[in-house]
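S.K.: Output the structure for:
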Amino acid sequence: MNGRVAFFGSPMFAVPSLRALAAGGYEIPLVVTQPDRPVGRGGRLKPPAVKAAALELGLPVAQPESVRTADFAGHLAGLALDAAVVAAYGRILPQRLLETPRRGFVNVHASLLPRWRGASPITAAILAGDTITGVSIMQLVPKMDAGPVISRVEEPIRPDDTAGTLEVRLAELGARELLRVLPGWLDGTLPAEPQDEALATYCSLVRKQDGHLRAAMTAEEAERAVRAYDPWPGAFVVYRGAPLRIWRARVAQGPGAPAGEVQLLDGEPAIRFAEGWLVLLEVQRPGGRRVPGRAFVAGERGRLEPRAELA
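M.R.: A predicted model of the protein is given here:
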């Protein structure tokens, strides 16, 4: 075995790192993930992706409501860990837990720190129009994403990337980089460098209402929002009194008009934003399926509502 390492993570982003540790010969005495949560109209409990992966790998799983209890801290201390790895666990860990493993906690973070500290770095990078992002392997400290960085590895953001497509690549990239640097971190030969606080930028949790495109956006900003909010919460405008999801779009130039005006541009539906038009290439009505923009126009019998409601 290469060392005893606990793993903390919850969503699909964390799964490649967990699988990499298991395949890399690390002993994983505990996987900690969020409790099962109700989803959908029926409220059926759904386990986190990490739980499903851990059970498939035959690893012990804990799902504490809180990691701040004395019982949990004692249990972790009793595992005699060399380190713990965190990947999108979703909770701030207290100092007494961070001090438990021999070499502390390391985190797989989906940005080039200190840019985009926080809960939604992939979404934030696309919204900002960044062309390069990546993964940082860092040592955890009590302040959010502020610990010294062990390594950074870059990944380009493609013009058609959504948060979903970019997350898949960053998750695999992070898993590979974790396996590359962890041996040196555990034996003390690989240092970590403090972050430059003057360069820090921050992002917060994405809320469902964030997907409502805003009148103050430029057309380019609206197009980036369409990609940044795919798959969740989905970018939308209010059309005929109901949310109209926009899953693919492009920017076009056209006649001047007030923000929110709807027109046809070369047979495709388009919404006016500052400095251009957002042409809707794929949309979805509530309860419906995704359809091309031209099919949406056909369903409207060519008579589009003249305005869409923006936030």
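S.K.: For the top helix by length along the chain, name the packing helices and strands.
M.R.: Determined from DSSP state H, the single longest helix within the chain is helix 163-186. Judged by 3 or more CB pairs under 8 Å, 6 or more residues apart in numbering; DSSP states H and E, helix 163-186 is in contact with helix 15-23, strand 83-87, strand 105-109, helix 121-127, strand 132-139, strand 149-156. The C-beta positions use only the backbone N, C-alpha and C, and glycine is treated the same way.
S.K.: Adding mean pLDDT, write those out as TSV.
M.R.: Formatted as TSV, the helices and strands packed on helix 163-186 follow (pLDDT from 0 to 100):
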stretch	mean pLDDT
helix 15-23	98
strand 83-87	98
strand 105-109	98
helix 121-127	98
strand 132-139	98
strand 149-156	98
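S.K.: Now tabulate those in JSON lines and tack on distance to Ala62.
M.R.: Compiled in JSON lines, those are given as follows (distance: least, CB to CB, whole Å):
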{"stretch": "helix 15-23", "distance to Ala62": "14"}
{"stretch": "strand 83-87", "distance to Ala62": "12"}
{"stretch": "strand 105-109", "distance to Ala62": "16"}
{"stretch": "helix 121-127", "distance to Ala62": "26"}
{"stretch": "strand 132-139", "distance to Ala62": "23"}
{"stretch": "strand 149-156", "distance to Ala62": "26"}
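S.K.: low-scoring pLDDT stretches of the protein, where are they?
M.R.: For the chain, the stretches with pLDDT under 70 are 1.
S.K.: Helices of that one, residue ranges please.
M.R.: Going by DSSP H, the chain shows helices at 15-23, 49-56, 70-77, 95-98, 121-127, 163-186, 219-228, 293-299.
S.K.: which residues sit against the last one?
M.R.: Right, the one you point to is helix 293-299. Helix 293-299 is contacted by residues 264, 267-269, 279-283, 291, 304 when judged by CB atoms under 8 Å, 6 or more residues apart in numbering.
S.K.: buried sites along it?
M.R.: For helix 293-299, burial by neighbour count (16 or more other CB atoms under 10 Å) applies to 293, 296-297.
S.K.: Could I get the buried residue list for the top strand by length along the chain?
M.R.: Taking DSSP state E as the criterion, the chain has its longest strand at strand 242-252. By neighbour count on 16+ other CB under 10 Å, the buried set for strand 242-252 is 243-251.
S.K.: a markdown table for those, including distance to Val237?
M.R.: Below are the buried residues of strand 242-252 laid out as a markdown table (distance: CB to CB, whole Å):
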| residue | distance to Val237 |
| --- | --- |
| Pro243 | 8 |
| Leu244 | 6 |
| Arg245 | 9 |
| Ile246 | 7 |
| Trp247 | 13 |
| Arg248 | 14 |
| Ala249 | 11 |
| Arg250 | 16 |
| Val251 | 15 |
